[in-house]
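S.K.: Predicted structure and sequence below. I'll ask about it afterward.
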Amino acid sequence: MLRSHTCGELRAEHVGDETTIIGWINAIRDHGGLRFVDLRDRYGCIQVTVSPDSLAGQSLDSLRSEQVLQVKGKVEARPDGMKNPRLDTGDVEVVAITATIIGDCPPLPFDPSGGDQVNEELRFQYRFIDMRRDEVRQRFQLRSDLQHAIRCHLHKQDFIDLETPILTKSTPEGARDFLVPSRLNPGEFYALPQSPQIFKQIFMVAGFDRYMQVVRCFRDEDLRADRQPEFTQLDIEMACVEESDVIALIEGLVVDVIRTVTGKEVATPFPSFSYADAMQRYGTDSPDLRSDLELVDVSDLVSQLGFKVFSSAIEEGGSVRAIRVPGGGAWSRKQIESLEDVVKNQGAGGLAWFKRTEDGTAGSISRFLQGEASSQLLDRVCMEVGDLCCLVADRSNKVVNGSLSFLRKELAIRLEQIEPGALEFCWVKEFPLFVEDEASGRPTPCHHPFTAPHPDDLERLEDEPLTVRALAYDLVLNGFEVAGGSIRIHQRELQERVFEAIGLNQEEAQEKFSFLLDALRYGAPPHGGIALGLDRLAMVLAGVDSIREMIAFPKTQRGTCLLTGAPGQVSGEQLSEVGLQLEESEPDESS
RNA sequence: GGGGACGUAGCUCAACUGGUUAGAGUACCGGCCUGUCGAGCCGGUUGUUGCGGGUUCGAGUCCCGUCGUCCUCGCCA
């Protein structure tokens, strides 16, 4: 070893010992003859003193931040009054006998002590420097601890960790696939997996009745703060289970690993909503329960108020819904009207509002608030004096829900309801099995085509497919979807009925999913599972608001890697080996 | 594909309604300094204002285009 100790481990008990340490120069305080050098590694930071008195005839110039320095010296107690209680190693210091720059470093492209304030572009371009920072190191330590705790927990419960292919087959539906050309089969392509869905079901047929894998997944879709084209899932599948078994397993797992990595206690069972309830009360299928604000449907009451925006929205099949803002009556007109942008961004025409005052109501729609309907409205929304009520009306319930769920988020922030460090889980269940595809008008799977229909709704599968609920469930944390799963179809006949409902005939289904359909014929047990977005969970636990912070080498919004420059061009030879030719990229002359 | 924000010294930012030689902190370089821990003191260097075009007597500032990063809608079974 080139070192005898790490920079974080020296304590008073080491005083008098000889030591050799290696670390990065965190800071230098130069007093002329005497220099203090803070040497840092993964484990901590220690003060080294370098002076002509201590150095064995060596002269040492040009020390600079982030050089890698090897110091041989003696551990000494710091003089009284010179100890640093903010450092774990602050009772001692290393007096250098020799000091050698073993990894030089030019002036830095950015100041690592600048925290997350530094331009993200630079941080990710020089990620090796960025990752030396404490905050960043701690995030990756947390992520590692999380994965370790998950594996321990599941290992103890008899789960087997199995791997699935990265080079696999493109399947229709779902997200866009990343494609990989096949040299041995010119003109044909592998796809990178969007998830190991079918493979894990095949494991169930094989009898590996408790499977887990921490696995990379790939989806070629546009990026977001919480979405990367490659991301990591904790993938789980279990045989001989019902929905409640999967839910119980995940609650136990999540509570255990969060306790292990953060020390926090999370109460179970988690609150649970049907999809319909979640949409009704929060306007979204991933409600953030850190806020207790709820939406209230007032369509039936406001249709009689004589306010045309409301009545015409309802006549056209839409709705009017409200959010009560406790204490919002104190907000200025300007503050309230700034909320309008939030709902307009989601397609709403505008924001209606009123305050309840001592002597009635005030605000944009108060002149319509008269009579019985008006007092019923105040009652239903539970308006008290000093409250504000925000309303959105639209012919599309989707717009009403969407805009109010965004408004709810904004209100929660303004009301300071979002407590730092809070972890509010909930389940959302009974998703629709299908949603209507806007282009074709055809039912298309809401989750994926192997999701089991709710047994109570089976008879409507052919005639009213859009009303059939699924045995599907999402786990939501602080408004982020962190896991999603379902009970799967394990009978080939039912699977064929579902394919039929989404417009896949037997031949097409056979062609696309023969490997699964065949497996289902050869003794498939009932099974179900879930996949948990590990980067996202880690992101919430770390208290950061970008998934990129939890990925060592993340992609930019345009899908490029700032460190490597990927994606890049390849040679003509490489292309021809895989039987590909690039289209001429000619300037667009469509004028 | 749509909407929005940003781009000024290595870094973080400033520069009013267009107006003198584009500033500050920090980093960097030089000098002083043997008990600092955000060390201190003195001095100094650093700019294609992302790029290209336009309007103007005059553009960091206004307009058009373009590139990059971020947020967001669509998209993400």
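M.R.: Received, thanks.

S.K.: In three-state terms, how would the residue in the stretch 401-550 of chain A that RNA strand B sits nearest to be classified?
M.R.: For the stretch 401-550 of chain A, the residue closest to RNA strand B is residue A:448, as judged by CB to the nearest atom of the strand, at 3.4 Å. C-beta here means a position set from N, CA and C on the backbone, and glycine is covered the same way. When classified by DSSP: H, G, I helix; E, B strand; the rest coil, residue A:448 comes out as coil.

S.K.: Need the per-residue pLDDT for it.
M.R.: Note on residue A:448: pLDDT of 91.

S.K.: Could I get the contacting residues of it?
M.R.: Listed by CB atoms under 8 Å, 6 or more residues apart in numbering, the contact set of residue A:448 reads A:173, A:174, A:197, A:486.

S.K.: Helix or strand for the second one, just tell me which one.
M.R.: Take DSSP states H and E as the rule and residue A:174 turns out to sit in neither a helix nor a strand.

S.K.: Leaving out the residues flanking it, which one is nearest to it?
M.R.: Excluding its sequence neighbours, the residue lying closest to residue A:174 (CB to CB, 6 or more residues apart in numbering) is residue A:194, at 5.5 Å.

S.K.: who's in contact with that neighbour?
M.R.: Contacts of residue A:194 (CB under 8 Å, 6+ apart): A:171, A:174, A:175, A:177, A:217, A:218, A:219.

S.K.: Please repeat the previous calculation with a cut-off of 10 Å.
M.R.: Residue A:194 makes contacts with A:168, A:170-171, A:173-178, A:217-221, A:233, A:448, as judged by CB atoms under 10 Å, 6 or more residues apart in numbering.

S.K.: Now the buried members of the contacts of residue A:448.
M.R.: Among the contacts of residue A:448, those scoring as buried are A:197, A:486 (criterion: 16 or more other CB atoms under 10 Å).

S.K.: could you pick out which of the contacts of residue A:448 are near RNA strand B?
M.R.: The residues of these that also fall near RNA strand B, by CB under 7 Å from any atom of the strand, are A:173, A:174, A:197.

S.K.: Tell me the spacing between the second one and residue A:542.
M.R.: Residue A:174 sits 29 Å away from residue A:542, going by CB to CB, to the nearest Å.

S.K.: wait, residue A:403 sits on residue A:345?
M.R.: Yes: the pair residue A:403 and residue A:345 passes the contact test of CB atoms under 10 Å, sitting 7.8 Å apart.

S.K.: what stretches of chain A score poorly on pLDDT?
M.R.: A:584-591 (pLDDT under 70).

S.K.: switch to 80 and redo it
M.R.: Within chain A, the ranges that satisfy pLDDT under 80 run A:56-61, A:114-116, A:171-173, A:438-440, A:584-591.

S.K.: Point out the other elements, helices or strands, that the strand ranked longest in chain A touches.
M.R.: Ranked by number of residues, the top strand in chain A under DSSP state E is strand A:18-31. Packed against strand A:18-31 by the contact rule (3 or more CB pairs under 10 Å, 6 or more residues apart in numbering; DSSP states H and E) you find strand A:34-41, strand A:44-50, strand A:68-77, strand A:92-103.
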